[in-house]
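Student: Got a predicted model here, sequence first, then my questions.
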Amino acid sequence: MHRKFLFIFFPLLSSSAIGQNVNVPLDYWGYRFLDRLETKGLFKTHDLRTLPISRKTFAELIRAAQKKLSQQPNLF
């Protein structure tokens, strides 16, 4: 009986059930920052046209901007 309860209860403890979200909130200031970085030519993406974006995508865009900036430091 206890095992069945655990199998039923365990999915309720997933990250989405606890309140964590995999997407960046729509009112986060970082979207404006990413938009400026894209305008400066540090990366190109269509992800910023459809919000929200995932935290993973957000991090990948920052990483791409850092990489381009390290290769061409005169962009800023």
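Tutor: Ah, there it is.

Student: residue ranges for the helices of this protein, please.
Tutor: For the chain, the helices defined by DSSP state H cover 2-9, 15-18, 30-39, 55-71.

Student: Of those, which shows the lowest average pLDDT?
Tutor: Lowest mean pLDDT within the helices of the chain: helix 2-9, at a mean of 48.

Student: can you pull the contacts of residue 48?
Tutor: 31, 34, 35, 38, 61 (C-beta atoms under 8 Å, 6 or more residues apart in numbering). Yep, even glycine has a C-beta here, placed from its N, CA and C like the rest.

Student: out of those, which are buried?
Tutor: Buried members of those, scored by 16 or more other C-beta atoms under 10 Å, are 31, 34, 38, 61.

Student: how near is residue 26 to residue 52?
Tutor: 5 Å (C-beta to C-beta, to the nearest Å).

Student: So which of those two has more stuff around it?
Tutor: residue 52 (17 against 9; other C-beta atoms under 10 Å).

Student: Pull the contacting residues for the more buried one.
Tutor: 23, 24, 25, 26.

Student: ok so, going back, including distance to residue 73, could the buried ones among the contacts of residue 48 go into TSV?
Tutor: Formatted as TSV, those follow (distance: C-beta to C-beta, whole Å):
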residue	distance to residue 73
31	25
34	20
38	18
61	19
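
Student: can you pull the buried residues of stretch 27-47?
Tutor: For stretch 27-47, using 16+ other C-beta under 10 Å, the buried residues are 31, 34, 37, 38, 42, 43, 47.
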